[in-house]
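[1] I need the structure of the sequence given here:
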Amino acid sequence: MRLRYFILEERKKAVNIEKLLDGSECEKALLRIAEGDREALKIIYQRMNRQIYAVAYSVLRDFSLADDVVNPETGEHFSVDQLDMGGLADARFILREGGTLGDFYSRIDLKRDSNGAVYINEKGEIASESITDVNSYIKLGSVLPDANMAWRNDFRWRNFNFGFMVSARLGGVVFSRTQAMLDYYGVSEVSAAARDAGGVMINGGDLVDANKWYTAIGSGNSVPQYYTYSATNVRLQEASIGYTIPKKKLGDICEITLSLVGRNLWMIYNKAPYDPETVATVNSYYQGIDYFMSPSTRNIGFNLRLKF
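    Numbers count the residues shown, from 1 in each chain. So this is what the prediction gives:
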């Protein structure tokens with residue numbers, strides 16, 4: 001995906017290009033832009049530069065970068081190959097050619113020796129370092145699922161009814177800054193287990209003190225790749241049981257169904273330390289990030305239905 005036409009193609013409706021150009025001219029111009037024709041982009045830009053700039057800024061959140069992308073006189077600035085779209089500290093959503101909107105990267109790693117093993121100094125300490133080359137950022141995966149599935153069953157016996165639904169999210173990753181903080185302060189189950197075990201085994205045989213290990217990966221902004229988890233989960237999404245009182249027992253006035261309903265009842269499978277389906281914000285570039293969010297809740301209630 002090239003940024004030189006990404007904004008126009010993805011936000012065409014938002015800026016109403018068709019209202020400023022007739023249909024055929026608009027279609028031809030957009031096709032030419034998709035093929036890398038700068039003259040076609042210049043045609044649209046000259047007629048509606050204010051609208052395009054506004055959309056570019058809303059996408060990029062940076063005036064200078066927005067100007068680089070939409071200004072047809074800036075030459076190679078149209079060939080921006082990647083954009084940092086946001087995230088939390090060193091865990092970033094980055095748009096790259098050939099990638100997806102949910103691609104998640106880390107721009108920090110533990111210091112390593114010439115063999116690629118985690119470097120441990122003479123005091124048994126480990127340190128992290130920023131990755132300065134943007135092309136070397138570590139891809140953690142995508143927060144977007146490969147598939148969402150649901151399986152519902154309903155049963156009826158005489159005046160009783162029973163139903164349940166199992167839902168599943170397959171694929172994708174999530175990042176938990178909450179878990180990093182809990183590990184750093186030594187109050188998590190994982191850090192307690194590491195202390196009981198005498199430390200954390202790394203590099204295929206090096207035993208590191210638990211406090212020093214979790215200080216290295218959990219302190220500061222944390223090292224995201226150590227707190228990235230599979231978002232795959234399977235749960236009992238809903239279950240209900242009810243009884244229907246037929247009309248004939250109520251003087252043919254109405255039919256009444258009373259049901260006990262529960263939602264989000266049982267997490268059957270989940271490897272993340274929190275519910276991957278919970279979100280802190282509707283912002284597209286904060287999905288899949290946990291930073292002391294409220295836990296998901298189990299809901300149980302009654303339904304009363306009257307059918308006249």
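[2] what about the strands in the stretch 101-250 of the chain?
    Counting by DSSP state E, counting those that start in this stretch, the stretch 101-250 of the chain has strands at residues 103-106, 108-110, 128-130, 138-142, 147-157, 160-170, 173-176, 200-202, 206-208, 228-230, 233-245.
[3] dump the ones you listed into TSV; add mean neighbour count and distance to Leu83 as well.
    For glycine as for every other residue, the C-beta is placed from the backbone atoms N, C-alpha and C. Formatted as TSV, these follow (neighbours: other C-beta atoms under 10 Å; distance: least, C-beta to C-beta, whole Å):
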stretch	mean neighbour count	distance to Leu83
strand 103-106	24	11
strand 108-110	19	19
strand 128-130	13	19
strand 138-142	18	15
strand 147-157	10	27
strand 160-170	16	27
strand 173-176	25	19
strand 200-202	17	34
strand 206-208	16	37
strand 228-230	19	21
strand 233-245	17	30
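[4] and of the ones you listed, who's closest to Ser259?
    strand 233-245 (3.1 Å; C-beta to C-beta).
[5] model confidence over stretch 163-174, on average?
    Per-residue pLDDT over stretch 163-174 has a mean of 93.
[6] among the strands of the stretch 101-250 of the chain, which is nearest Arg298?
    Among the strands of the stretch 101-250 of the chain, strand 233-245 comes nearest to Arg298, with 10.1 Å by C-beta to C-beta.
[7] just put the strands of the stretch 101-250 of the chain in TSV and tack on distance to Ala193.
    Listed next are these as TSV, based on distance: least, C-beta to C-beta, whole Å:
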stretch	distance to Ala193
strand 103-106	24
strand 108-110	21
strand 128-130	23
strand 138-142	24
strand 147-157	33
strand 160-170	27
strand 173-176	17
strand 200-202	10
strand 206-208	14
strand 228-230	17
strand 233-245	23
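[8] those strands: which one's closest to Asp90?
    strand 108-110 (4.2 Å).
[9] where's that closest one relative to the chain centroid, distance-wise?
    On the basis of C-alpha atoms, centre = their mean, to the nearest Å, strand 108-110 is displaced by 21 Å from the centre of the chain it belongs to.
[10] which residues are in contact with it?
    Here strand 108-110 makes contact (C-beta atoms under 8 Å, 6 or more residues apart in numbering) with 90, 118-119, 126-131, 138, 216-217, 221, 223-225.
[11] and the strands of the stretch 101-250 of the chain: which comes nearest Asn264?
    Here strand 233-245 is closest among those (C-beta to C-beta), at 6.6 Å.
[12] give me the helices and strands touching the closest one, please.
    Using 3 or more C-beta pairs under 8 Å, 6 or more residues apart in numbering; DSSP states H and E, the elements in contact with strand 233-245 are strand 160-170, strand 255-270.
[13] so what are the sheet partners of it and their directions?
    strand 160-170 (antiparallel), strand 255-270 (antiparallel) (DSSP bridges).
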